[in-house]
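sequence unavailable; structure follows:
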């Protein structure tokens, strides 16, 4: 009986797994050198965890299940609620700032599309306990530290940055009620993904007043932070948030990554929980969905039953990133095939047990080693050594062959084994 | 609103995550040096995948869910069915033998107990395409290669080994019908876990004939491979399987791990799919459940719609292993706290931007570096450097301090930065 894999999931054959490991190991190294510590939570949580404040977009996309007691669970679609739960559980004993990262496997019951699967991996980093925009700059730097590591340049990618706080102040200046903001964010977030006509239609459904709609459209055409001042008076909350944005860009300059960054008032983020700086990372061709994104979420921990603590972070998935790395030839350029230290061949069947013994001893000494189960002709064994990318081939009974140079060398077996021991 | 984690799952705070990573990284290294390549599949599969031939024990323990089209899915409780599916999908293009490993996250809806959780990680290695008992020896060696690496000795653990093939032949010699075997395996597998009285009762429910029951109990009291010959005549299938067991122990001796291994006719394995050599790894105190186990499953790929291909492998979970490593003090002995390469302190607020710049440059140069968000008194920053286990502390404006020796050194900033560049 043949059963297919579930649609929207991936099988990772060794070659695919090598790519996945290369991406995730890079995420881990970048996180660690930027001062983050790794955490993880369970693959599922109580369903209500995701109903608290994740925005409708996410709740619709859950894979739900029940535990043995009939309680509703959901496979995690993002790790931020788990992070909030875990931090709140130990809030009094965790030294702050909390700089944590995770590389969770996540599932969303979406329609599979290019760069969007039902199961994926996502790099998350978060700084909890710092309200200074310096923390926002640091998370953006950390993302760019990794993206530069894998060979992406300002010619390939851009970080588009805005501020929810500023947008809220500007929209309220226009006369939008605070209660309307969350709905309007979701609309504005879709602007770049929809035809202009459709967007205007949806906007009209959310904002009845034509004058306000015109002002919103005017606002969304602003191209630089300076232009904000042309649009409204820089005072109160607007000025505060503009100052923060300016300081963020100054810090990104000091960190040496400003060539990757640009202000874009169109960056809103779909999720309801963002409160300050928001950003999304795109390929410059803009053919793909966002590579990742994040921002400040100062109210989330409180919503999960904890004290009010400022927080900021990002998520970068492996799907769009993988497509981009493939398109730019960056896997091929950087991911070399695995080499084995040794292949143990035997010239005669009588040396078979010796081959098994030497292979075992090489492995115990920490070296990778293989041998041919079937034995047989020496030429075939040496071909297998070469197929398996062995650096060296030991030929028992005869000689020692360096696969790279083709050079052969006679070695005394006992001496060789005693060297391994030490 | 405070929501607890789901019962039987674990939160991995950084300290727990360090232990999990240490275990899993060790599994990966041992697999690679033993010639295995990593693969992985999706976290869920169609439910019917697990209904094919996993034994009733597993099917009861599934977390089930539905996809958007209403099809039944289950979170994977083991990865072997996925392995069978993946291998069958590409059977004609995969070079054999297939030596693969995986470290999947698995879920089972069991009652949480010591060493048994609802979510865990399991090291799986499998050799597909080799019917020689040499492959069984190699998977046992690979497990022991890892277990020795983390510091376990023959005084701590034992691999108990038997053969399903031999047991089947012996039971059929006694007069048990082939159709009764699967049920009887499940009973015999429980023998060491049940009080003797309960075991005899369950056995009587499965084998009505008292004489046969006596013979089965006699068989289960056999203590060595040699004693099999006292019990029945070594001929036909019995002789064949006894010969294989003897050869397995000879190979384990050649590989240098026989001091860990012993024959134990009581090792049966609960799952229905085993066909040959079976084994389980226990702590010598026998206080804990099995650390892991495995065996040969020559019919499984065929049952999953592929050609008949011999296969053997094992699974070792992280829960019992973690308890044992903790009990033996092996985490504490071997898992050192993470060090950071640099901490960047600044003697005066005017050097703050320099500190941000230097930290960014150190990180881009591949070194781990942190600084104090708040700045403030130098003594406090240096204390933080020490708390964060920094190898070196750069003090901007003043001097360079080697945290290990307490030695300080004046360094020219431009020279230091240009050295980083190169």
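Alright, I've got the coordinates. What you are looking at is a predicted structure, and each value in this text was computed from that prediction instead of being measured. Numbers count the residues shown, from 1 in each chain, chains lettered A, B, ... in the order given.

drop to CA atoms for contacts and neighbour counts, all remaining ones
Noted.

can you tell me what sits against the one helix or strand residue A:26 maps to?
Residue A:26 is part of helix A:14-33, with elements assigned from DSSP states H and E. Residues external to helix A:14-33 that are found in contact with it (CA atoms under 8 Å, 6 or more residues apart in numbering or on different chains): A:37, A:101, A:103, A:123, A:125, A:142, A:145-146, A:318, A:331, A:335, B:37-40, B:340, B:363, B:366-369.

among these, which lie within helices?
A:142, A:145-146, A:318, A:331, B:363 (DSSP state H).

got TSV for those residues, with neighbour count, pLDDT and distance to residue A:348 too?
Formatted as TSV, the ones in helices among the contacts of helix A:14-33 follow (neighbours: other CA atoms under 10 Å in any protein chain shown; pLDDT from 0 to 100; distance: CA to CA, whole Å):
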residue	neighbour count	pLDDT	distance to residue A:348
A:142	25	98	56
A:145	24	98	54
A:146	19	98	51
A:318	22	98	49
A:331	19	95	41
B:363	24	96	54
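
close to chain B: what parts of the stretch 101-250 of chain A are there?
A:109, A:119, A:130, A:134, A:141, A:145 (CA under 8 Å from any CA of the partner chain).

quick one: which two of these are the most distant?
A:109 and A:134 (35.6 Å; CA to CA).

who's more crowded, these two?
More neighbours surround residue A:109 than the other of residue A:109 and residue A:134, with 21 against 18 (other CA atoms under 10 Å in any protein chain shown).

pull the number of nearby residues for the one residue in the stretch 201-350 of chain A that gets nearest to chain B.
At 4.4 Å from chain B, residue A:305 is the closest residue in the stretch 201-350 of chain A, using CA to the nearest CA. By other CA under 10 Å, the residues close to residue A:305 number 15.

could you do residue A:185 as well?
Residue A:185 has 19 nearby residues by other CA under 10 Å.

and the next element down the chain from the helix or strand hosting it?
In the assignment (DSSP H and E), residue A:185 maps to helix A:178-189. Downstream of helix A:178-189, the first helix or strand assigned by DSSP H and E is helix A:196-206.

how about residues contacting that following helix?
By CA under 8 Å, 6+ apart, helix A:196-206 touches A:183-184, A:187-188, A:190-191, A:210, A:213.

by neighbours, which of the residues you listed wins?
residue A:188 (22 neighbours).

find the nearest non-adjacent residue to that residue, please.
residue A:268 (6.7 Å; CA to CA, 6 or more residues apart in numbering or on different chains).

might one say that the one you found is in contact with residue A:277?
No: counting by CA atoms under 8 Å, residue A:268 stays clear of residue A:277, with 9.4 Å between them.

common neighbours of the two, please.
A:162-164.

and the residues you listed, which is closest to residue A:227?
residue A:162 (13.4 Å).

the strand or helix carrying the closest one - contacts with which helices or strands?
Secondary structure assigned from DSSP H and E places residue A:162 in strand A:157-163. With contacts defined as 3 or more CA pairs under 8 Å, 6 or more residues apart in numbering or on different chains; DSSP states H and E, strand A:157-163 has these neighbours: helix A:236-254, strand A:261-263, strand A:277-283.

which of the helices or strands spans the residue of the stretch 201-350 of chain A closest to chain B?
Going by DSSP H and E, residue A:305 is not part of any helix or strand.

list the buried residues of the helix holding residue A:26.
The neighbour-count check on helix A:14-33 (16 or more other CA atoms under 10 Å in any protein chain shown) flags A:14, A:17-20, A:23-24, A:26-28, A:30-33 as buried.

so who does the closest residue to residue A:79 other than its chain neighbours touch?
Distances taken as CA to CA, 6+ apart place residue A:104 nearest to residue A:79, at 7.0 Å, with adjacent residues excluded. Contact analysis of residue A:104 by CA under 8 Å, 6+ apart lists A:40, A:79, A:121-124.

next one: stretch A:115-125 to chain centre, how far?
Remark: stretch A:115-125 is offset 7 Å from the chain centroid, using CA atoms, centre = their mean, to the nearest Å.

run through who's touching it.
With CA under 8 Å, 6+ apart, stretch A:115-125 has contacts from A:7-10, A:24, A:27, A:31, A:36, A:79, A:99-112, A:139, A:288-289, A:313-320, A:323, B:42.

go again with 6 Å.
A:8-9, A:100-109, A:313-320 (CA atoms under 6 Å, 6 or more residues apart in numbering or on different chains).

sec struct for residue A:295, please.
Of the three states, residue A:295 takes strand under DSSP: H, G, I helix; E, B strand; the rest coil.

that one contacts residue A:278, correct?
Yes: counting by CA atoms under 6 Å, residue A:295 does reach residue A:278; the two are 4.1 Å apart.

nearest residue to the residue of the stretch 1-150 of chain A found nearest chain B other than its sequence neighbours?
Residue of the stretch 1-150 of chain A nearest chain B, by CA to the nearest CA: residue A:33 (3.4 Å). Excluding its sequence neighbours, the residue lying closest to residue A:33 (CA to CA, 6+ apart) is residue B:368, at 3.4 Å.

that neighbour: how many residues sit nearby?
When neighbours are counted by other CA under 10 Å, residue B:368 comes out with 24.

how close does it get to residue A:34?
6 Å (CA to CA, to the nearest Å).

against the centre of chain A, work out the most remote residue.
The C-alpha centroid of chain A is most remote from residue A:350, which lies 52.7 Å away (CA atoms, centre = their mean).

distance-wise, check it relative to residue A:375.
The value you get for residue A:350 to residue A:375, if CA to CA is used, is 10 Å.

quick check: next helix or strand after the worst-scoring helix or strand of chain A on mean pLDDT?
The helix or strand of chain A with the poorest confidence is strand A:400-402; it has a mean of 51 (mean pLDDT, DSSP states H and E). Downstream of strand A:400-402, the first helix or strand assigned by DSSP H and E is strand A:408-409.

avg pLDDT for that next one?
The average pLDDT within strand A:408-409 is 77.

now for the nearest residue to residue A:340 once chain neighbours are set aside: which residues touch it?
What sits nearest to residue A:340 in space, not counting adjacent residues and going by CA to CA, 6+ apart, is residue A:390, at 4.4 Å. When contacts are counted by CA under 6 Å, 6+ apart, residue A:390 touches A:339-343.

run me through the strand neighbours of the lengthiest strand in chain A, direction for each.
Of all the elements of type strand in chain A, the one with the most residues (DSSP state E) is strand A:119-128. Using DSSP bridges, the strands paired with strand A:119-128 are strand A:98-102 (antiparallel), strand A:105-107 (antiparallel), strand A:311-317 (antiparallel).

return the most buried member of those.
strand A:311-317 (a mean of 25; mean count of other CA atoms under 10 Å in any protein chain shown).

just for the stretch 301-422 of chain A, where's the confidence low?
The stretch 301-422 of chain A contains residues with pLDDT under 70 at A:398-406, A:421-422.

now chain A
A:1, A:53-58, A:398-406, A:421-422.
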